[in-house]
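Q: curious how this folds, go ahead:
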Amino acid sequence: MYSIFYIKLEIFLLFFICYIIFLHLCVKFSKLQLNFLDYIYVSMLFLYLLLRCSLEDLDCSSTVYLFNNHIIFNNTIQLLKTCMVLFFFAYLIIVCNFNNIIKLPIVEYLVLIFLCFFSLIMIIISNHLFVIFLFLEIVNICLYCLIGLNKESNKGIEAAFKYFMQSSFITIMGFFSVSLIYLYTGTLFLNELAILLNNESNFSFLLDFSLYILFFVIFFKLGLFPLHS
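A: A predicted model of the protein is given here:
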């Protein structure tokens, strides 16, 4: 039970996503009126609570492996999660100004960006390659929806469709590279892979090829340079 405290930020994120959906249903079927800023204020209040939660001291002087070695936790991950919450708080402020230019469907937008944020945090704390790839796909699904969220923009819908088709092909390449890594090493845990790669003096061409493909897939799906276009 004590291991739950290490991932309470992620649990709170899932709770807030469900709360936003429940709040929207209550507003829809009642006479309660909530505007764009009301949802943003609720989100900022929740992010403040997340920040307080991420700043709490935990016994993480050394690396801790949780849930059958699938989750990893240490001081570096705690710092990264805190920085992500701070940047996300600043992002919501930018969204307030952006809404003055283009009106956003606020509930759908908040659910998508918070689900994307949750998946990015899960990628950081995951110690298993397949779990990382799974949450990477959830990030991509959120991006497809966000790109095509404006139904009046033909360019946005076209870009979302092209991104979906290209990313589907990249997903096949990603699973192929993960299967090759498992075929050669017999494990997908990152800590075990690090030990095997450090102790292996002569890498096989198959393992090198699968690692290069995997980095290519991750860079493409996250839109990192040089695949940001």
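
Q: in what helix or strand does Phe46 lie?
A: Element membership for Phe46, per DSSP states H and E: helix 36-54.

Q: any buried residues in that helix, and which?
A: Neighbour-count burial for helix 36-54 flags Phe36, Tyr39, Ile40, Val42, Ser43, Met44, Phe46, Leu47, Leu50, Leu51, Cys53, Ser54 (criterion: 16 or more other CB atoms under 10 Å). C-beta here means a position set from N, CA and C on the backbone, and glycine is covered the same way.

Q: mind giving me the packing neighbours of that helix?
A: helix 8-28, helix 75-99, helix 106-125 (3 or more CB pairs under 8 Å, 6 or more residues apart in numbering; DSSP states H and E).

Q: right, and the helix or strand after the top helix by length along the chain?
A: In the chain, with assignment by DSSP state H, the single longest helix is helix 154-185. Per DSSP H and E, the first helix or strand lying C-terminal to helix 154-185 is helix 190-199.

Q: need the residues that contact that next one.
A: Contact partners of helix 190-199, identified using CB atoms under 8 Å, 6 or more residues apart in numbering, comprise Tyr65, Asn69, Ile72, Asn127, His128, Leu129, Ile181, Thr185, Thr187, Phe203.

Q: mind checking how far the first one is from Val85?
A: With distances taken as CB to CB, to the nearest Å, Tyr65 is found 23 Å from Val85.

Q: compare those two (neighbour count), which wins?
A: Ranked by neighbour count (other CB atoms under 10 Å), Tyr65 and Val85 place Val85 first, with 22 against 15.

Q: quick one: the more buried one and Ile71, what's the gap?
A: As judged by CB to CB, Val85 and Ile71 stand 18 Å apart.

Q: which of the helices and strands packed on helix 36-54 has the highest mean neighbour count?
A: Highest mean neighbour count among the helices and strands packed on helix 36-54 (mean count of other CB atoms under 10 Å): helix 106-125, with a mean of 19.

Q: now the angle between helix 190-199 and the helix or strand following that one, please.
A: Where DSSP H and E defines the elements, the next helix or strand beyond helix 106-125 is helix 129-147. Put simply, helix 129-147 runs at 120 degrees to helix 190-199, going by axes from the mean of the first three to the mean of the last three CA atoms, to 10 degrees.

Q: pull the residues that contact helix 129-147.
A: Contacts for helix 129-147 (CB under 8 Å, 6+ apart): 70, 108-109, 112-113, 115-116, 119-120, 122-123, 126, 156, 159-160, 163-164, 167, 171, 174-175, 178, 181, 188-190, 193, 218, 221-222.

Q: this completes my enquiry, with thanks.
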